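*Asks:* output the structure for:
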Amino acid sequence: MADKNVSSLTLGDKFREIREYKNISQAALSSILGRSVSAISRFERGQGDLSSEQILEIRKVLDVEDAPIFDDEVIAFKKQLYLWRHLIKDKRIDEALRNQQKLSVIEKLPYEKDLNLIFKLFGIRLVMAQRKIEEAKEMMDDLEVQVKNASNEVKYHYQYNIGALLIYQRNFEDALTHFLIAYDLKASILEPDPAIYFNLAFCYSRLGMYVRTVTTLREAYSLFEYSKTNMLGAFVDNMMAANYIYIGHISKAQELLENSLSEARANDNKLYISYALHNFGCASFALGEHDKAIEYFNQSLAYCEGDDDEYLKTLYYKVRCMIANKNPEAKALIQKGISMSKDSEHHQILFSSLSHITTLKEPSSKQYIDEITIPHLLSRYEHCDALYFCRLLEKAYTKNGVKSKKALEAKATAANIYEKIMSGGGATL
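*Replies:* Just a heads-up that it's a prediction; the model follows:
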């Protein structure tokens, strides 16, 4: 079987395409080289040979001395492309930008269509890494037609990029579709890519498919080892732990969180320390250990450092614990949360929902939870939180052990949510 990284073109074919691309005639080339036009023509048709010195001279004239012409050069260049992708993935932006200039030599070879497309697609990832999302989207739109007839390797990176762009736009359903297409093409790329598993898991998690998240991450755990230097291990452990909590496997979550917190502290990564402590709080809350959960949430809040979204998320869970403990200070923190979240409809609804929990005997509070809170959470695929409010509502609509019609509706909604959470289990948990 031919090496998929090697072109089927002869050396003469390649030089002819470069020459024509640069609009240089055979006569002009023969004049510079001191060879007859017929000799140049025979070489380009594969009917004659040139010396290594003459080939080097042609490369100089065509300005492709540093371009990958021979098969071994092409293979080495492709490896350099993938090393460049690693720099981009690790957010080593300055180094990646310097390498981009060096690798742009591939643009001088019009016949290397796949390598040119891979170079462009990795370049778009670099643009995304700089958070220039609209620019990246425009660049992707320009490639749509070219990719249709490209190799599966190119299509993998194209589908991956679309998925990544959709994640930035918080369109997790469509992102998942494109990542699944990429997953089916993963065998065609030069080296295994753990990122496809992480992005699939991230989409599953954001869509409230927590069991499927766990099974996808398990597959990644079995295939790859994670570097501690770029905090990938801490990130994956945190994601896995959060989803274990959602499906009730608390001890497994806590074990992962110990690893994650240790790695985050060793690297002095305040954001990941905050994530791990937050998840420890959620694990304790799931066990009914409300005082311990509040302490973890307090520690997490101390590391949020200006990340308003993470701060409000953690504050929300802390207040939930305080309400469960019937702590009178909860009301003041609810008002603080409402005030801080004036620019976030989502957090406004969350903190308003907590306020209504404290007055759930009132018909208006039940109505708010039923008509605002639960539909809002379901629209965002936040299934565990929606399940929590459904169960509160079911309890509130039950009197003397008798469930009203509203209580039965809340129970049915809870059952549907639970089915979504547990869908796609596959492997035994």
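*Asks:* hey, where'd the strands end up in this structure?
*Replies:* Secondary structure of the chain, counting by DSSP state E: strands at 398-399, 402-403.
*Asks:* and for the first one, what's in contact with it?
*Replies:* Taking contacts as CB atoms under 8 Å, 6 or more residues apart in numbering, the residues outside strand 398-399 that touch it are 404, 407. From N, CA and C alone the C-beta is placed, and that goes for glycine too.
*Asks:* now that strand: mean pLDDT?
*Replies:* Strand 398-399 carries an average pLDDT of 91.
*Asks:* what of stretch 81-94?
*Replies:* Mean pLDDT, stretch 81-94: 94.
*Asks:* ok, and for that stretch, which residues are buried?
*Replies:* Within stretch 81-94, the residues that count as buried by 16 or more other CB atoms under 10 Å are 81, 84-85, 87-89, 92.
*Asks:* kindly indicate which of those lies nearest K420.
*Replies:* Closest approach between these and K420, by CB to CB: K89, at 31.3 Å.
*Asks:* give me the nearest residue to the closest one, chain neighbours excluded.
*Replies:* Closest residue in space to K89, ignoring its immediate chain neighbours: A195 at 6.7 Å, by CB to CB, 6 or more residues apart in numbering.
*Asks:* now E95
*Replies:* L87 (5.3 Å).
*Asks:* which residues of this structure score low on pLDDT?
*Replies:* Along the chain, the model assigns pLDDT under 70 to residues 1-7, 226-231, 305-307, 424-429.
*Asks:* closest to the centroid, which residue in it?
*Replies:* Against the mean C-alpha coordinate of the chain, by CA atoms, centre = their mean, the closest residue is N199 at 3.9 Å.
*Asks:* nearest spatial neighbour of that residue, chain-adjacent residues omitted?
*Replies:* Residue nearest to N199 in three dimensions, not counting chain neighbours: F179, with 5.1 Å by CB to CB, 6+ apart.
*Asks:* would you map the helices across the stretch 251-400 of the chain?
*Replies:* 270-286, 290-302, 308-324, 330-340, 345-357, 363-368, 374-379, 383-396 (DSSP state H, counting those that start in this stretch).
*Asks:* just the ones you listed: most buried one?
*Replies:* With neighbours defined as mean count of other CB atoms under 10 Å, the helices of the stretch 251-400 of the chain peak in mean count at helix 270-286, which reaches a mean of 23.
*Asks:* dump it to PDB, restricted to CA.
*Replies:* Extracted C-alpha coordinates of helix 270-286, given in PDB (Å, rounded to 0.1, in the frame of the first residue of the first chain):
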ATOM      1  CA  LYS A 270      -6.000  29.000  40.900                       C
ATOM      2  CA  LEU A 271      -8.800  28.400  38.400                       C
ATOM      3  CA  TYR A 272      -8.400  24.600  38.500                       C
ATOM      4  CA  ILE A 273      -8.100  24.700  42.300                       C
ATOM      5  CA  SER A 274     -11.400  26.600  42.400                       C
ATOM      6  CA  TYR A 275     -13.000  24.000  40.100                       C
ATOM      7  CA  ALA A 276     -11.900  21.000  42.200                       C
ATOM      8  CA  LEU A 277     -13.000  22.600  45.500                       C
ATOM      9  CA  HIS A 278     -16.400  23.500  43.900                       C
ATOM     10  CA  ASN A 279     -16.800  19.900  42.800                       C
ATOM     11  CA  PHE A 280     -15.800  18.700  46.300                       C
ATOM     12  CA  GLY A 281     -18.600  20.900  47.600                       C
ATOM     13  CA  CYS A 282     -21.100  19.400  45.100                       C
ATOM     14  CA  ALA A 283     -20.000  15.900  46.200                       C
ATOM     15  CA  SER A 284     -20.600  16.700  49.900                       C
ATOM     16  CA  PHE A 285     -24.000  18.300  49.100                       C
ATOM     17  CA  ALA A 286     -25.000  15.100  47.200                       C
END
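*Asks:* report all helices and strands that that helix contacts.
*Replies:* helix 232-246, helix 250-266, helix 290-302, helix 308-324 (3 or more CB pairs under 8 Å, 6 or more residues apart in numbering; DSSP states H and E).
*Asks:* take these and write them to a markdown table, including distance to R380.
*Replies:* Compiled in a markdown table, these are given as follows (distance: least, CB to CB, whole Å):
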| stretch | distance to R380 |
| --- | --- |
| helix 232-246 | 14 |
| helix 250-266 | 22 |
| helix 290-302 | 21 |
| helix 308-324 | 12 |
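*Asks:* contacts only, for the spatially closest residue to Q299 that is not a sequence neighbour.
*Replies:* By the measure of CB to CB, 6+ apart, the closest residue to Q299 outside its immediate chain neighbours is L277, 4.7 Å from it. Counting by CB under 8 Å, 6+ apart, L277 touches 261, 296-297, 299-300, 303.
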